[in-house]
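In: Give me the fold of what follows.
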Amino acid sequence: MNKNLTIRLIYTVLGIILIGFAVGFVRIAALGTDPFTTINLGFTAATGYRYGLTSMFTNIVATIFILFVDRRLIGLGSLLNLLFVGNISDIFVNIFTDTFGSAESLWLKTTFAALGMVILAIGAAMNIVANLGVSPYDALPLVAETLGKGKIRFQYARVVLDFTAVGIGFLLGAQVGVMTLVTAFLMGPLLQFFRVRLFTLLQNLERAI
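Out: Predicted coordinates for the structure are as follows:
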């Protein structure tokens with residue numbers, strides 16, 4: 001296997017694992033989840049299905065849309081994201097709650113929520129930079145960036161998408177907390193911050209091998 005491809009696969013797999021754990025952290029914190037988790041929890045509240053299944057459903061719908069608009073963004077990473085992120089989150093939440101119970105103190109909730117937001121941004125940025133297919137949700141602002149031909153910046157498209165997801169999730173019955181709104185405002189800029197730095201790191205690793 002090409003060594004550069006191996007590095008990109010590691011980026012992709014590690015990114016997906018980080019996203020799964022990040023979603024678990026924000027769910028445990030119960031101060032409001034990230035926007036994509038919010039819309040999935042909205043579907044969970046409306047249908048009664050577990051989070052892993054509703055996450056898979058929304059990813060499939062978004063994937064179909066992306067395939068018609070810019071199929072280059074869909075690849076192995078997209079499939080792995082669709083299959084594993086929601087389930088990794090479910091497993092992590094179940095293990096944590098079975099072992100420790102719910103997070104009760106505000107400082108622990110706040111710590112988990114902040115960790116979840118940062119880890120989520122790192123994981124999503126790793127998937128984007130690896131360029132082996134990103135999560136359908138992360139692909140949407142990339143599509144806007146491409147179609148805008150430089151007039152629409154990624155971080156602004158992401159903020160609009162995040163607030164749209166929050167609104168839909170809220171209408172479906174998901175809890176919207178302070179961290180939901182904080183994440184909607186900050187995830188776009190934070191993701192762009194890590195995207196630039198992880199891309200530089202990836203280039204350096206590929207040149208070093």
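In: For the chain, which segments count as helices?
Out: Counting by DSSP state H, the chain has these helices, from start to end: 3-29, 35-47, 51-69, 76-100, 106-130, 136-147, 154-172, 178-208.
In: With respect to burial, which of those scores highest?
Out: Across these, averaging neighbours per residue (mean count of other CB atoms under 10 Å) puts helix 35-47 on top, at a mean of 23. Any C-beta I mention is one placed from the backbone N, CA and C, and that applies to glycine too.
In: Who are the packing partners of that one?
Out: Where contact means 3 or more CB pairs under 8 Å, 6 or more residues apart in numbering; DSSP states H and E, helix 35-47 is packed against helix 3-29, helix 51-69, helix 154-172, helix 178-208.
In: pLDDT below threshold where in the chain?
Out: 1 (pLDDT under 70).
In: Could you rerun that using 80?
Out: 1-3, 33, 52, 82, 101-104, 148-150, 209 (pLDDT under 80).
In: Tell me who's in contact with Thr180.
Out: Taking CB atoms under 8 Å, 6 or more residues apart in numbering as the criterion, Thr180 is in contact with 32-35, 38, 166.
In: how many neighbours does the closest residue to it other than its chain neighbours have?
Out: Spatial nearest neighbour of Thr180, chain neighbours left out: Gly32 (3.3 Å); criterion: CB to CB, 6 or more residues apart in numbering. Neighbour count for Gly32, taken as other CB atoms under 10 Å: 22.
In: OK, contacts around Gly32?
Out: By CB under 8 Å, 6+ apart, the neighbours of Gly32 are 26, 38, 113, 175-183.
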